[in-house]
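# Everything below, folded, please.
(one chain, ligands or ions: 1)
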Amino acid sequence: MPWGTRRSRKSRRRLAALGPSAAPAPARAAERCQRRSPDYILQKSKMSNLRILSLSQKRISNLRINNACCCEIPAGPRGSGPPGPLRTCYSSQAGLVGNDVKSLHAIINPPVAKIRNIGIMAHIDAGKTTTTERILYYSGYTRSLGDVDDGDTVTDFMAQERERGITIQSAAVTFDWKGHRVNLIDTPGHVDFTLEVERCLRVLDGAVAVFDASAGVEAQSLTVWRQADKHRVPRICFLNKMDKTGASFKYAVGSIREKLNARPLLLQLPIGEAKTFRGVVDVVRKEKLLWNPSSADGRDFERKPLLETSDPELLRETTAARNALIEQVADLDDEFAGLVLGEFSEDFDLLPAEKLQTAIHRVTLAQTAVPVLCGSALRNKGIQPLVDAVTMYLPSPEERNYEFLRWYEGDLCALAFKVLHDKHRGPLVLVRVYSGTLKPQSAVHNISGNCTERISRLLLPFADQHIEIPALTAGNIALTVGLKQTATGDTIVSSKSSALAAARRAEREREGQHRPAGGAERPLLAGVEIPEPVFFCTIEPPSVARQPDLDHALQCLQREDPSLKVRLDPESGQTVLCGMGELHIEIIHDRIRREYGLETFLGPLQVAYRETIVSAARATDTLDKTVGDRRHLVTVELEAQPVGTSSAAPVARFSESVSKDLLRASQEAIENGLHSACLQGPLLGSPVQDVAITVHSLTVHPGTSTTMISACVSRCVQKALKKADKQILEPLMKLEVTVTGDYLSPVLADLAQRRGSIQEIQTRQDNRVVIGFVPLAEVMGYSTVLRTLTSGSASFALELSSYQAMNPQDQSALLSRKSGGL
Ligand SMILES: Nc1nc2c(ncn2[C@@H]2O[C@H](COP(=O)(O)OP(=O)(O)OP(=O)(O)O)[C@@H](O)[C@H]2O)c(=O)[nH]1
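Take a look at the predicted model:
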């Protein structure tokens, strides 16, 4: 889907990526050229050795520590960090910068209670990547602050991410914070990459939801919040951009309450808003945290208790907020309520902060409320307390209740949640270990793929850099090298017999609980639902000879990204790419060029329609074919009917006379025939949905192969579908346009012309938010139109809502366009 237009510096980089019409100002272009020049990189290298490794993609040599193999990241001189005061108030000890052998060793086996697997999630542009960069900097992992606007962040390391200033792939980063190991995943905010978010949420124990404090809860934040609900992931909220004009703590908290239906626990209050934002109040401890305005990197801040003498007003406000917080937590946590009502009922001020923090941790884990913090990642304020909150309130792996773990009794159980392709090392599979230990040079069994594979190496991910480790214990996340067949969502155990033993335990448990049997022979971790693509286009290699190279590239990209579908057009023989949006397909095209060196040609982008029928129709067909000396003869009579409930696959029904002596093999052949017939409908060749096929009679000559049965049934279904009254279904998008009041009328007038229906117009601070529905076919290239209409002042978000029936006029217009070859 197209991305919205923005006013930020970052948006100008995105516009530049769109083409010459949106080229940046010459000065900025020159600045960017200079940034990419070898001199600039050299200059940066003095600041950060790590950064130059990221930029130049150099390989790094190996280092052995106590027989554990680790990759060496060359050290920078100790004093080579950014200028500024050396006084560190808050950051933990340095992580992996330099040949810090001790920290490399310490990294290998953290106690599970100290591990935090967290994700950063939000609406596009809320500031996830900027927040992640600050976290990495304060944790000691990087020596300079990466900036999305300059395209030099650690987690957005793909060339496309750096050019466009957006996150496309989730990046896993491991760092230490005050004795805790944090595995952090920065996820994309753009709706085209929602699957990427879902994949990560599946393996996280907690998440930080980042919001733009001037916009509150936006469309995509709602989607990711629902995804986190689905995977029962405890969260904390971070109201970012408190420095921005229009930032409002109250408004953003209100929108969390109303739109997300969540109970916010205000652990902080901002000191000032927008231009006056200076720091935050720690409500739990009644302290103020003020960042030194002369500190360039925000490392330097002071924490002081609020006093009646110096801050009477702020103290009163904080006391009221603390009392409200205590009452709120007591309402949600019985243990804490007992404490508060007993010992501290007379004076909440006497309640120790640690007791309140422990109760907040329990409430967060139970997901009955969400802690809320605030700050400004760009202005380097509020990040250190945010990471403290992550370690304090979000759970460790052992605090999450993963039911399936007891079936494995400490034996290895891991989930492969992402596959990456590395030109040199082949497929790299990101795994989360739930129980047991994963070791390199060992065989593992993939339950989902029913195959045994060998892991050659284990790597700890540090964005695009990797550190080799000798073992991966429960609760941790790492990359494996050597798994060639494992795909996203597969469950990995130590051996086939271990899988069987777990299955037997699961079955016994079910019997004990009198629960219905089923599925226990494969005790799998739940995978991720893959949404259906909404756009497609043909893709051609530069020459026929390069077709195998294109096939290989697409195969690799598909293993990485299950939301990308590739099929062959049976009529033209062309390869067809199906994706989640315009941006998704554009990125794939670009990656094929950059990573596989293939200059491919894309056909026009087309909407993925569906078809259905609105009346029943009956058909009969006979297939009589002799192959060699064998005669295949089938006659089938069937009826296609519309079904009310939404069903992507055709529903197979058999009349009594057919079902009574139907062999299993013949039934499977019939079902295959039904499915293949419904892949291409009679109107546009789009998939047919919401149909049931009843087989009334079937006569099969002895010796007829099941392939011939499938072929006959398929042909007969297509006949019936042709006879029935047909209907095209088109993808309907939920659209949210944020626009200033003066541009509201042109935006509404334009949407009316695009067959849009407006549901409501909300007021968000100084902006209007238009919420409605519009057919996908009408919003192709919408970002350019909206930019022109509103002088680049509006932004929008699109999300697939449903498939809706086209009205007769629109349908016939579409059909005549298609038959005219347009
Ligand atoms: N004023 C202000 N701008 C910020 C702040 N944090 C980030 N930004 C800007 O907001 C834009 C988006 O920042 P990102 O960190 O890329 O946001 P994101 O959520 O990672 O974006 P996607 O990965 O594309 O979803 C950039 O132009 C940042 O400079 C902040 O605290 N204050």
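
# count of neighbours near the residue in the stretch 451-600 of the chain that the ligand sits nearest to?
Taking CB to the nearest ligand atom as the measure, the point where the stretch 451-600 of the chain comes nearest the ligand is L583, at 10.5 Å. Where C-beta positions appear, they are placed from N, C-alpha and C, glycine not excepted. Applying other CB atoms under 10 Å, we find 22 residues neighbouring L583.

# again with A501
Using other CB under 10 Å as the criterion, A501 is surrounded by 17 other residues.

# tell me the phi and psi of it?
With angles defined as degrees, to the nearest 10, A501 sits at phi -60, psi -40.

# for it, what are its contacts?
Under the criterion of CB atoms under 8 Å, 6 or more residues apart in numbering, the contact partners of A501 comprise D411.

# Break down the stretch 451-600 of the chain into its helices, ranges please.
Assigned by DSSP state H, counting those that start in this stretch, the stretch 451-600 of the chain shows helices spanning 496-512, 547-560, 582-596.

# Could you name the helices and strands sitting against the shortest one?
Okay, so that is helix 547-560. Other elements packing on helix 547-560 under the criterion 3 or more CB pairs under 8 Å, 6 or more residues apart in numbering; DSSP states H and E are strand 413-422, strand 565-568, strand 575-579, helix 582-596.

# right, so those: which one is the most enclosed?
Per residue and on average, the most neighbours among the helices and strands packed on helix 547-560 fall to strand 413-422, with a mean of 23 (mean count of other CB atoms under 10 Å).

# Which strands and helices lie in contact with that one?
helix 194-201, strand 426-435, strand 491-493, helix 547-560.

# State the helix or strand in which A711 lies.
Counting by DSSP states H and E, the secondary-structure element that holds A711 is helix 706-723.

# Please identify the buried residues of the following helix or strand past that helix?
As assigned by DSSP H and E, the chain's next helix or strand after helix 706-723 is strand 726-740. By neighbour count, with 16 or more other CB atoms under 10 Å as the criterion, the buried positions of strand 726-740 are 726-739.

# count of neighbours near C716?
The number of residues packed around C716, counting by other CB under 10 Å, is 27.

# Repeat that for the one 5 residues further on.
For L721, the tally of surrounding residues (other CB under 10 Å) stands at 25.

# Could you check how far P385 is from E133?
Counting by CB to CB, to the nearest Å, the separation of P385 from E133 is 17 Å.

# which residues touch the nearest residue to D333 once chain neighbours are set aside?
Nearest residue to D333 in three dimensions, chain neighbours excluded: A359, at 5.0 Å (CB to CB, 6 or more residues apart in numbering). By CB under 8 Å, 6+ apart, the contact set of A359 is V329, A330, D333, E335, F336, L339.

# so is the closest residue to the ligand within the stretch 701-822 of the chain in a helix, a strand, or just coil?
Evaluated by CB to the nearest ligand atom, the stretch 701-822 of the chain has A797 as its residue closest to the ligand, separated by 11.0 Å. Local secondary structure at A797 is given as strand here, using DSSP: H, G, I helix; E, B strand; the rest coil.

# Which residue comes closest to it once chain neighbours are left out?
The shortest distance from A797 to any non-neighbouring residue, by CB to CB, 6+ apart, is to A219 (3.9 Å).

# And A215, by the same measure?
Of all residues apart from its sequence neighbours, R764 sits closest to A215 (CB to CB, 6+ apart), at 6.3 Å.

# so the one you found makes contact with V739?
No - when contacts are counted by CB atoms under 8 Å, R764 is not listed as touching V739 (10.1 Å).

# so where is the stretch 51-200 of the chain shaky, pLDDT-wise?
Scanning the stretch 51-200 of the chain for pLDDT under 70 picks out 51-109, 146-172, 186, 188-197, 199.

# for the chain, that is, sorry about that
1-109, 146-172, 186, 188-197, 199, 461-465, 510, 512-531, 571, 820-822.

# rerun at 50
Low-confidence segments of the chain (pLDDT under 50): 1-102, 104-105, 463, 517-522, 822.

# Do any residues in stretch 564-581 lie close to the ligand?
No - with CB under 6 Å from any ligand atom as the measure, stretch 564-581 is seen stopping short of the ligand, the closest distance being 13.9 Å.

# quick one: terminal-to-terminal distance for that stretch?
According to CA to CA, to the nearest Å, stretch 564-581 extends 10 Å from its N-terminal end residue to its C-terminal end residue.

# next one: that stretch to chain centre, how far?
On the basis of CA atoms, centre = their mean, to the nearest Å, stretch 564-581 is displaced by 24 Å from the centre of the chain it belongs to.

# doesn't K286 make contact with R303?
No - with contact defined as CB under 8 Å, R303 does not count as touching K286 (11.1 Å).

# In terms of packing, which of the two has more residues around it?
Neighbours were counted for R303 and for K286 using other CB under 10 Å; K286 has more, 18 against 15.

# and that one, what does it touch?
Residues near K286 by CB under 8 Å, 6+ apart: P305, L306, L315, T318, T319, R322.

# Can you check which helix is longest in this structure?
helix 312-332 (DSSP state H).

# what's the following helix or strand after that one?
Reading on from helix 312-332 to the C-terminus, the next helix or strand found by DSSP H and E is helix 334-341.

# Next, the buried residues of the helix or strand following that following helix.
Sequence-wise, the next helix or strand downstream of helix 334-341 (DSSP H and E) is helix 353-366. For helix 353-366, the buried set under the neighbour-count rule, 16+ other CB under 10 Å, comprises K355, L356, Q357, T358, A359, I360, H361, R362, V363, T364, L365.

# so which of those residues comes closest to R143?
Minimum separation from R143 among those (CB to CB) is found for Q357, which lies at 31.5 Å.

# Thanks a lot, catch you later.
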